[in-house]
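Novice: sequence and predicted structure, then a few things I'm wondering about:
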Protein chains: 2
Amino acid sequence: KMSLKWLSLLLLLQLTCYFSSGRCGKVLVWPMEYSHWINMKIILEELVTRGHEVTVLKSSAAILVDPNKSPTIKFESFPASVSQEDYENFFQQLLTEWIQGAKHSFWTKITTAQNIFSELSDVSLKICKDAVLNKKLMTKLQESRFDVILADPIIPCAELVAEILNIPLVYSLRISPGYSIEKFSGKLPFPPSYVPVVMSEFNDHMTFTERVNNMLYVVFLDFWFQTFNEKKWNQFYSEALGRPTTIFETMGKADMWLIRNYWDFEFPRPLLPNFEFIGGFHCKPVLWKYEGKKPDTLGPNTRLYKWIPQNDLLGHPQTKAFITHGGANGVYEAIYHGIPMVGLPLFGDQPDNIAHMTAKGAAVRLDLDTMSRTDLVNALKQVINNPFYKENVMRLSTIQHDQPVKPLDRAVFWIEFVMRHKGAKHLRPAAHDLTWYQYHSLDVIGFLLACVATAAFALTRGCLFCCRKLANARKKAKRQ
Amino acid sequence: KMSLKWLSLLLLLQLTCYFSSGRCGKVLVWPMEYSHWINMKIILEELVTRGHEVTVLKSSAAILVDPNKSPTIKFESFPASVSQEDYENFFQQLLTEWIQGAKHSFWTKITTAQNIFSELSDVSLKICKDAVLNKKLMTKLQESRFDVILADPIIPCAELVAEILNIPLVYSLRISPGYSIEKFSGKLPFPPSYVPVVMSEFNDHMTFTERVNNMLYVVFLDFWFQTFNEKKWNQFYSEALGRPTTIFETMGKADMWLIRNYWDFEFPRPLLPNFEFIGGFHCKPVLWKYEGKKPDTLGPNTRLYKWIPQNDLLGHPQTKAFITHGGANGVYEAIYHGIPMVGLPLFGDQPDNIAHMTAKGAAVRLDLDTMSRTDLVNALKQVINNPFYKENVMRLSTIQHDQPVKPLDRAVFWIEFVMRHKGAKHLRPAAHDLTWYQYHSLDVIGFLLACVATAAFALTRGCLFCCRKLANARKKAKRQ
């Protein structure tokens, strides 16, 4: 009886998929860790709900990627040359290092970030090799005939697996340092005059000095900063594919970029047809309900819980303000539920996120190291009592809710589109087929300048020649 | 009884509007003529269906803008200083002139287009003045409290009316010569390395020579070509608003740009968050049915009709190919219904449209002046018998149909969004608040170069000074 029930449920899921969103597909996932995984899981669970089969490639070092916590998702495990303990310790150390470095100037921040990303890159490369050089695993994946691979490009490898298995690739990305992945792989333009660079904490209306700094940051990030230890990756990817390639070129094969951002959070800037902004897709309108033992800590109006879903808490009608470290997930939940924020950013994109929210009048920023108790109380009073903050965050909330299609549905639509059409070539800009100097028209400009120079030179020489001839003729005439 | 029926129908419409798409609004329209009007009317009729009140500002010179043919739309008429006959003759002459000019090289085409747009600009300015300086009309419009103004910016004026009435503005645009309006008013970037300029007939994969030409065209169009006689418009707009402004600045106030193009037709290129691509929104899946007197002309398998809806004809299951002049509306109908094309372009965007379709393998292009009967027969045989064309146009058709929201629904959504929120400021890039040299970071680059030059100069002078000092000291030492 039970199995019959399950069978009919499965059949129902299959029907849902067949009728509402095309044929059912097989999705392979290369996961990221921590908040990136928690976020990605929402898309995966939605895909499962619509009848697709989702398989996550899980290394033995994985921390939060846990089959027991996601019973509807399949997992394909492989042994990693890094132990789970080392991997977790590594992240803890990175975090400490990053939080320390993030307290200082842009240049210190960027140097710290460079170290962090360099270390992360090396560990990621190790795990990538563990997967790709595992013949048994790759054969199994090849035989499974997946329709698409979904990944967060901050930890690379998916693009190589996609190339080897010859299947389309969809990225889900929050942001990359210096926008390097979006710029060099996605070919997205970032005009430095009104797009503040990552980690600058500027907004889109910059003073002259800020624009000068922004330009210097852009040049520095473009020419010096390395999100990945590119040489090592380029070499491995070239070896694995048997032809010279680079990590950025391979990443550029992505069919669709699902950016975890939207125009309530982000400042308006250019995009491309294969970039879909799906920020806030993880937010849910669930009203909070918590039933547990009443803890007897702190003041009578402050409660500590080991863990409660932040989204539910923010959705509670009595929630007046949100003290946040400025993680993108949390900020989006606050926008979604219209809760003004007090920001205490720590590292990564957090200072930028809070800078965006203060620029839009939805948050007050404090410095965790220097703030006093009074500062915190005053900031809280400000965002709670001054209607300015509530009005602004409610405006952002309205924008988030007033979209023709909900962000999660758009994310799923484009993943399914890529499965249905085996890619999304019609959205791919021809910029991908140009070298960097062709893309910037440097060869054309050089050629045209050379033409002008040659013409000017010929003209000058011609004039000089004529003048001399004329002078000689006159001299001769005089002599005669 | 009849009136009760109507009342309930009206009530139903109102309810539809209130419940499905926010409150009902009042839409003012500044119309274009000919195919632009036929196209725009589809949006207007959809707005009426959803319960909005649509009022079209109609000059006495209007040609196709006819109240009798659009009973559900309101019309607000005003006397124009141009007679309808003159206006129609003017367009006929323009057309003849343009078709003649379009047969030659890019430079002839562009010179012809410059004359055409200059003449069109002058007539448009006359009619714009007839409306804006008509105090009675403007007072009535002011009192009507419209929620939004909708217009095709190829014939300007709506942006001025929007400023005077202080209401949001939504544009519906196919394309402007040299992308001038999109570029200078919309701040849309057009990288010349992979975005072929209007009238070039290039595709997005250009050879070096084509890229050189494309760059020359861009420079020429940006610095020499004038879509409007800007001086005259700038002066009138400044006078009417009582502050110095330009037509491009005023156009830049548009809240939303509905571009009548999509990525099946267009080559992928950068866009901005307030640009929505709604190409093909006018197409309908109605199957063709025609009942009339059988004409006895030409061969037995060729029929001539005075006029039948082209969309219906293309939707007929027996339609195998479409001989078209390459107008955007017709090309979109062919894409929608998956019919391969034989293109005989005449003028305007038509040669470009056919170039797009040949690049995508959905059409064969012929030259109306030089082609023979055999050429036409061969071209028809080719697109009908070679599966290449059918496959490609079917692929484009699938792309057109496989969107998360239908283009007409998206167009209406954004018009309603702008009405609901009194604009769409969150989608407006900060580029609008920069001068052209700030936008291109020329001041920043200049400043940084000056810094480098000063440093180099100071360093050289310092070195020279030190060297001399050293040399003098040595000389002195020698002397002593």
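Specialist: Looks like it arrived, so ask away. Nothing here was measured: the structure is a model prediction, and the numbers come from that model. Numbering: from 1, shown residues only, chains lettered A, B, ... in the order given.
Novice: distance between the helix or strand harbouring A:Ala411 and the chain's centre?
Specialist: Using DSSP states H and E, A:Ala411 maps to helix A:407-421. Its chain's average C-alpha position is 18 Å from that of helix A:407-421, according to Cα atoms, centre = their mean, to the nearest Å.
Novice: in the stretch 251-400 of chain A, where is pLDDT below threshold?
Specialist: A:287-308 (pLDDT under 70).
Novice: A:Leu449: which element?
Specialist: Using DSSP H and E, A:Leu449 falls in helix A:442-479.
Novice: same check on A:Ala62?
Specialist: Using DSSP H and E, no helix or strand contains A:Ala62.
Novice: residues contacting the closest residue to A:Val412 other than its chain neighbours?
Specialist: Ranked by Cβ to Cβ, 6 or more residues apart in numbering or on different chains and with sequence neighbours excluded, the top spatial neighbour of A:Val412 is A:Glu46, at 5.5 Å. Placement of C-beta: from N, CA and C, glycine included. The contact partners of A:Glu46, by Cβ atoms under 8 Å, 6 or more residues apart in numbering or on different chains, come to A:Leu408, A:Ala411, A:Val412.
Novice: and if you look at A:Val218?
Specialist: A:Gly178, A:Phe190, A:Pro192, A:Val197.
Novice: which of the contacts of A:Glu46 has the largest number of neighbours?
Specialist: A:Ala411 (25 neighbours; other Cβ atoms under 10 Å in any protein chain shown).
Novice: after the longest strand along chain A, next one along is what?
Specialist: For chain A, the longest strand by residue count, based on DSSP state E, is strand A:53-59. Using DSSP H and E, the helix or strand that directly follows strand A:53-59 along the chain is strand A:74-78.
Novice: and the angle for that next one with strand A:53-59?
Specialist: If you take axes from the mean of the first three to the mean of the last three Cα atoms, to 10 degrees, strand A:74-78 sits at 20 degrees to strand A:53-59.
Novice: now do the buried residues in strand A:74-78.
Specialist: By 16 or more other Cβ atoms under 10 Å in any protein chain shown, the buried positions in strand A:74-78 come out as A:Lys74, A:Phe75, A:Phe78.
Novice: what of stretch A:440-450?
Specialist: Per 16+ other Cβ under 10 Å, stretch A:440-450 contains these buried residues: A:Ser441, A:Asp443, A:Val444, A:Phe447.
Novice: send the alpha carbons of it over as PDB?
Specialist: Taking Å, rounded to 0.1, in the frame of the first residue of the first chain, the C-alpha atoms of stretch A:440-450 are listed here in PDB:
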ATOM      1  CA  HIS A 440      38.400  46.600 -26.900                       C
ATOM      2  CA  SER A 441      38.900  47.400 -30.600                       C
ATOM      3  CA  LEU A 442      42.600  48.100 -29.900                       C
ATOM      4  CA  ASP A 443      43.600  46.500 -33.200                       C
ATOM      5  CA  VAL A 444      41.200  48.700 -35.200                       C
ATOM      6  CA  ILE A 445      42.100  51.800 -33.300                       C
ATOM      7  CA  GLY A 446      45.800  51.000 -33.800                       C
ATOM      8  CA  PHE A 447      45.300  50.400 -37.500                       C
ATOM      9  CA  LEU A 448      43.300  53.700 -37.900                       C
ATOM     10  CA  LEU A 449      46.000  55.700 -36.000                       C
ATOM     11  CA  ALA A 450      48.700  54.100 -38.200                       C
END
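Novice: give me the contact list for it.
Specialist: By Cβ under 8 Å, 6+ apart, stretch A:440-450 touches A:Tyr437, B:Pro191, B:Pro192, B:Ser193, B:Phe208, B:Arg211, B:Val212, B:Met215, B:Leu216.
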